[in-house]
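[1] mind looking at a prediction? Sequence and model below.
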Amino acid sequence: IDRISTGDFESRIEVRSRDELGLIAQRLNSMADGIRGLMEAERRTENTKNELITSVAHDLRTPLTSILGYLDLAAAGSVDEATRQKYLSIAYSKSKRLEKLIEDLFSFTKLTSGEIRLNIVSIDLVKMMEQLLDEFYPSFQDNHLECEFVTSAPSIVIEADGDQLARAFANLIGNAVKYGAAGKNIKIELGLEANQARVAVTNFGELIPPEDMAYIFNRFYRVENSRSSDTGGSGLGLAIARSIVELHHGTIEGKSDFDGTVFTVMLPLKAEEQGR
């Protein structure tokens, strides 16, 4: 008892009887178990917070260092006007990336803390995807990508928050564009499966190693060879997509093999649409 009272919650009282003293001993042991569990949970929370801070600091510092460096160069009196404009353009580009990192961080924090309140309405996934693909057309052109869109039904209706769900799919399409440019084309498929809507986004770029697929939806996780100035994002795009899909009672899975890298989203159909 003395050891427990001084904070040693690993210690246990030997229960020697089933009388009142034995019952008290059992309850004290249970109390110690509970306190130890709370302390371990607190340590995990603290470790998670520290990891988050470290990751955020790293991802924000990289573009910020570039911005400051190029602005310093642009301010130097020894550079000509053309070079100065070039440095300012690079600094602006880096600042936009920094803005995107911060937006993703706030979005992820809100999603995982339960601050997001969904505005549920009837959504036609076919029309939503057609609109998204129109918006991505310039990106397809810039990356020399062809996009194939296939749907098994002219209309697939679900109940969802259109803005949030559009962001989830935009993240998946953006991810396909970013990492699939080498494959020259991406494929978007919509269909129906067991009273659910199925959306698959496939790119044919470099494969994701099996050891990375298990962590691909984790926040700030990026496949090591994707860390570059051209493709490096916030590391939150897939984590945000998963959070949004799960808020809609759906699932998201990824696989990568010689048939391509595909992310598949399953969402419940609107009640009136089920059984089609």
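    Ah, there it is. Numbers count the residues shown, from 1 in each chain.

[2] please make it C-alpha for all contacts and neighbour counts, starting now.
    OK.

[3] listing partners with orientation, what would you give for the one helix or strand Lys187 maps to?
    Element membership of Lys187 [criterion: DSSP states H and E] is strand 185-193. Here strand 185-193 is paired, per DSSP bridges, with strand 146-151 (parallel), strand 196-203 (antiparallel).

[4] least trustworthy helix or strand in the protein by mean pLDDT?
    None of the helices or strands of the chain scores lower by mean pLDDT, DSSP states H and E than helix 2-5, at a mean of 49.

[5] buried ones in stretch 84-97?
    Neighbour counts over stretch 84-97 (16 or more other C-alpha atoms under 10 Å) mark Arg84, Tyr87, Leu88, Ala91, Lys94, Ser95, Arg97 as buried.

[6] ok, what's across the strand from Cys158?
    One thing to correct before we go on: residue 158 is Ile, not Cys. Ile123, Leu269.

[7] show the pLDDT at the residue nearest the centre of the chain.
    The residue lying closest to the centre of the chain (C-alpha atoms, centre = their mean) is Ala239, at 1.4 Å. Ala239 carries a pLDDT value of 85.

[8] before we move on, what about Val15?
    On the pLDDT scale, Val15 gets 59.

[9] same question for Asp124.
    pLDDT, read off for Asp124, is 94.

[10] correct me, but it touches Val157?
    Yes - assessed by C-alpha atoms under 8 Å, Asp124 is found in contact with Val157 at 4.4 Å.

[11] where does pLDDT dip in the stretch 151-276 of the chain?
    219-235, 272-276 (pLDDT under 70).

[12] let me see the mean pLDDT of the helix or strand harbouring Phe106.
    According to DSSP H and E, Phe106 maps onto helix 81-113. Helix 81-113 shows an average pLDDT of 78 in the prediction.

[13] quick check: which helices or strands does that helix pack against?
    Helices and strands touching helix 81-113, by 3 or more C-alpha pairs under 8 Å, 6 or more residues apart in numbering; DSSP states H and E, are helix 20-75, helix 237-247.

[14] mean pLDDT lowest where, among those helices?
    Among these, helix 20-75 scores lowest, with a mean of 70.

[15] now stretch 169-187: buried residues?
    Buried-residue list, stretch 169-187, by 16+ other C-alpha under 10 Å: 169-181, 183-187.

[16] and those residues, which of them are in strands?
    Asn185, Ile186, Lys187 (DSSP state E).

[17] count of residues packed around the residue nearest to the first one when sequence neighbours are not counted?
    Same thing as Asn185. Setting aside the residues directly before and after it, Asn185 is nearest to Glu146 in space (C-alpha to C-alpha, 6 or more residues apart in numbering), at 4.4 Å. Glu146 has 16 neighbours, counted by other C-alpha atoms under 10 Å.

[18] wait, Glu146 touches Phe140, no?
    Yes - taking C-alpha under 8 Å as the definition, Glu146 is a contact partner of Phe140 at 6.6 Å.

[19] returning to that earlier point: the strands paired with strand 185-193: which one's closest to Pro210?
    strand 196-203 (16.3 Å; C-alpha to C-alpha).

[20] buried residues in the helix or strand following that closest one?
    Per DSSP H and E, strand 196-203 leads on to helix 210-213 as the next helix or strand towards the C-terminus. Going by neighbour count (16+ other C-alpha under 10 Å), nothing in helix 210-213 comes out as buried.

[21] same for helix 210-213, what does it pack against?
    Against helix 210-213 (3+ C-alpha pairs under 8 Å, 6+ apart) you get strand 251-257.

[22] just to revisit the earlier point, Asp124 and Val157: which is more packed in?
    Legend: neighbour count by other C-alpha under 10 Å for Asp124 and Val157, higher for Val157 (20 against 17).
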